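K.L.:
Provided below for reference: sequence and predicted model.
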Amino acid sequence: MKTSAESGPLHQRLGAEFRRRIEAGEWPEGQPVPSEAQLCEEFGTSRGPVRQALAQLRAEGHLVGGRGKPPVARRVTPSQPFASLMSFTQWARSIGRVPGQFTVEVARRRAGAEAAARLGLDEGESVVDLVRLRKLDGVPAMVERSTFVLDAGAHLFAVDPDAGSVYEALIARGVDLHHARHTIDAIAADPQDAELLDVAVGQPLLRVRRLAYTGDGTPVEYADDRYLPSMATFTIENTVGGRTVAARERTDDAPPHHTLKDTQ
C-alpha cells in the first residue's frame, strides 16, 4: 500500500493519504469521494481501517454529508474544538456577569437551502430552529439563531431554553456535541436584529457562524450568532506549535482578558 505517511497505525496512514488527496485537489472539493469498497480494493485492506480514517476526516471537516449520502470532499483549515469558545452562559459567569436570555421561538420547520447544505440534509427536511436574545446583566448583547438536525433539536421541546445553556441541556439528554468550526465576520443588522437589540437597521454587528459536529463528524447544528460590537469582541492567538486559542471579551468596562475554555 502506498500512502503519504510511512509509519503509524494503518488508519492514520490512510487518513493522511486521504487528507493529502483533498488538499491537493485529487479528490475535488464538493465531489463524492470513492466508496469504502473502492478504497479497500485500492489499498488492499479491510473496511475497519478505511472507516476509521474516513471518520477522522469527518471529525476534521474534510468530509461532509452522511445520513445515508456519500461523503463529499471539503478543503478546510483545522477545526476549533468546543474548548476554544465556551457558551455564552459560561462566558458571562466567568467574567462575573449575569447571563440572560429571552426565547423568541423554538419551531420545527423545513430546512432552507443554506442550513440544509451545511447540515448535509436535503432542502425541505425537518429541522428545529431556535432563536434567542442573549443578555449581559439584563442588557441585550447578542441574537442567537440555531438550526438543529431533528433528532437532536427535538429535545428542545422538552426543556426551557430560558433556563440557561441549551448545550448543557442537550448533552445531559445524550446529544453528541463533540467539536465545532467557527467563522467570524461582520454583518448589517436586519429588522429582527434591530428590534431585539434596540439598534438601527443596518448597524454593523459581529457575526459568529458555528457548525457543530458529533464525534464521527456528522453535522448536528448550524448557528448564526450576532453580537453588538459594544458588548463583546473575540481574540484569537496562534502559538508557534500551531495551537489556536480563542477568547471572547466584554468591551464596555472591559474586564481582564480571559481565555475561553469548556463546552457550550
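P.N.:
Perfect, I can see it now.
K.L.:
Now do the contacts for residue 101.
P.N.:
Going by CB atoms under 8 Å, 6 or more residues apart in numbering, residue 101 touches 132-135, 144, 161-162, 164. Every residue, glycine included, has its C-beta placed from N, CA and C.
K.L.:
Using the three-state scheme, assign it.
P.N.:
Here residue 101 is strand, with the state taken from DSSP: H, G, I helix; E, B strand; the rest coil.
K.L.:
Look up the closest residue to the residue most central in space within the chain, ignoring the ones flanking it.
P.N.:
Closest residue to the average C-alpha location of the chain: residue 211 at 2.4 Å, with CA atoms, centre = their mean. Distances taken as CB to CB, 6 or more residues apart in numbering put residue 181 closest to residue 211, at 5.1 Å, once the chain neighbours are dropped.
K.L.:
what does residue 185 give?
P.N.:
What sits nearest to residue 185 in space, not counting adjacent residues and going by CB to CB, 6+ apart, is residue 207, at 5.4 Å.
K.L.:
Show me the beta-bridge partners of that neighbour.
P.N.:
Residue 207 forms beta bridges with residue 185, residue 226, as assigned by DSSP bridges.
K.L.:
quick one: it from residue 99, how far?
P.N.:
Using CB to CB, to the nearest Å, one gets 20 Å for the distance from residue 207 to residue 99.
K.L.:
Just give me the neighbour total for the residue lying closest to residue 188 once chain neighbours are set aside.
P.N.:
Excluding the flanking residues, the one nearest residue 188 by CB to CB, 6+ apart is residue 202, at 4.7 Å. Burial of residue 202, expressed as a neighbour count using other CB atoms under 10 Å, amounts to 12.
K.L.:
And residue 202, how close does it get to residue 177?
P.N.:
The value you get for residue 202 to residue 177, if CB to CB is used, is 34 Å.
K.L.:
do residue 158 as well
P.N.:
For residue 158 relative to residue 177 (CB to CB), the value is 17 Å.
K.L.:
Compare these two (neighbour count), which wins?
P.N.:
Shown here are residue 158 and residue 177; by other CB under 10 Å, residue 177 has more neighbours (20 against 8).
K.L.:
could you say which helix or strand contains the closest residue in space to residue 197 that isn't next to it in sequence?
P.N.:
Leaving aside its chain neighbours, residue 197 sits nearest to residue 140 (4.9 Å; criterion: CB to CB, 6+ apart). Assessed by DSSP states H and E, residue 140 sits inside strand 139-149.
K.L.:
Need the pLDDT of residue 254.
P.N.:
pLDDT, residue 254: 40.
K.L.:
The strand holding residue 140 - what's its average pLDDT?
P.N.:
Here strand 139-149 scores 95 as its mean pLDDT.
K.L.:
for it, which positions count as buried?
P.N.:
By 16 or more other CB atoms under 10 Å, the buried positions in strand 139-149 come out as 140-149.
K.L.:
Kindly report the same for stretch 213-227.
P.N.:
Along stretch 213-227, these residues count as buried under the neighbour rule (16+ other CB under 10 Å): 213-214, 217-227.
K.L.:
Reformat these as TSV; add distance to residue 194 and pLDDT.
P.N.:
Output for the buried residues of stretch 213-227, formatted as TSV (distance: CB to CB, whole Å; pLDDT from 0 to 100):
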residue	distance to residue 194	pLDDT
213	32	91
214	35	90
217	37	85
218	35	90
219	30	93
220	30	95
221	25	96
222	23	96
223	20	95
224	16	96
225	16	95
226	11	96
227	14	92
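K.L.:
Assign the residue lying closest to residue 15 once chain neighbours are set aside to helix, strand or coil.
P.N.:
Distances taken as CB to CB, 6+ apart place residue 53 nearest to residue 15, at 4.0 Å, with adjacent residues excluded. Three-state call for residue 53 (three-state DSSP): helix.
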